[in-house]
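Colleague: what follows is a protein structure lacking sequence information:
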């Protein structure tokens with residue numbers, strides 16, 4: 001059975017043209033009240049993460065992803081890779097992307113840390129890549145972002161498993 005790293009080069013093969021910037025530290029806070037509590041505890045963090053256990057809402061939520069104090073946020077969501085790849089969520093994705101307020105820096109992740117689901121057969125590496133390809137196509141060619149919005153698609157893997165045999169197939 002191929003190692004977990006066998007599927008990653010297909011995603012990593014995209015040329016890295018992103019500018020080098022310092023690591024951004026932040027907090028995972030599920031809403032404005034939680035962001036404020038974290039800021040009181042830790043001081044300025046620069047970026048807040050929002051996680052949706054299902055599909056993104058159809059419009060930007062100022063009390064969730066919009067709660068990040070410095071107009072930059074990391075948003076992740078999970079939905080069926082097959083449904084995403086088949087285009088079932090295209091309208092909601094376009095609507096959400098186009099509703100991001102001007103001047104925001106957004107890092108968007110579909111199904112962060114998919115390693116366990118891949119290993120357990122919840123979906124295949126092929127399905128996962130097809131979902132990412134659909135998301136990328138929507139971002140690149142079907143969305144009119146507001147002025148000053150910077151939206152990056154960012155996969156997130158369990159780094160401690162990269163390069164190790166984890167028992168999932170890329171089939």
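Modeller: Here it is on my side, so go on. All figures in this text were calculated on a predicted structure; none of them were measured in a lab.
Colleague: could you count how many residues lie near residue 145?
Modeller: 16 (other Cβ atoms under 10 Å). (Each C-beta comes from the backbone N, C-alpha and C, glycine too.)
Colleague: residue 71 reaches residue 103, doesn't it?
Modeller: Yes: counting by Cβ atoms under 8 Å, residue 71 does reach residue 103; the two are 5.5 Å apart.
Colleague: checking my notes, residue 106 in a helix, right?
Modeller: No: looking at residue 106 with DSSP: H, G, I helix; E, B strand; the rest coil, it is strand, so not inside a helix.
Colleague: what's across from it in the sheet?
Modeller: Beta-bridge partners recorded for residue 106 (DSSP bridges): residue 73, residue 151.
Colleague: now do it against residue 126, distance only.
Modeller: 27 Å (Cβ to Cβ, to the nearest Å).
Colleague: and those two? which has more neighbours close in?
Modeller: residue 106 (24 against 15).
Colleague: is it correct that the more buried one is in contact with residue 148?
Modeller: No: look at residue 106 against residue 148 with Cβ under 8 Å: they stay out of range, at 11.4 Å.
Colleague: buried sites along the lengthiest helix in the chain?
Modeller: Taking DSSP state H as the criterion, the chain has its longest helix at helix 125-141. Residues 125, 127-132, 134-135, 138-139 are the ones in helix 125-141 that count as buried (16 or more other Cβ atoms under 10 Å).
Colleague: chain neighbours aside, what residue packs nearest to residue 97?
Modeller: Among residues not flanking residue 97 along the chain, residue 143 sits closest, at 4.6 Å (Cβ to Cβ, 6 or more residues apart in numbering).
Colleague: near the one you found, how many other residues are there?
Modeller: Count around residue 143 with other Cβ under 10 Å applied: 17.
Colleague: for it, give its distance to residue 152.
Modeller: Taking Cβ to Cβ, one finds residue 143 at 13 Å from residue 152.
Colleague: residues touching the residue most central in space within the chain, list them.
Modeller: Against the mean C-alpha coordinate of the chain, by Cα atoms, centre = their mean, the closest residue is residue 109 at 0.6 Å. Going by Cβ atoms under 8 Å, 6 or more residues apart in numbering, residue 109 touches 74-77, 153-156.
Colleague: low-confidence regions, the chain specifically.
Modeller: For the chain, the stretches with pLDDT under 70 are 1-30, 45, 159-171.
Colleague: what about the helices in it?
Modeller: Under DSSP H, the chain gives helices at 8-12, 32-42, 81-85, 90-98, 115-120, 125-141.
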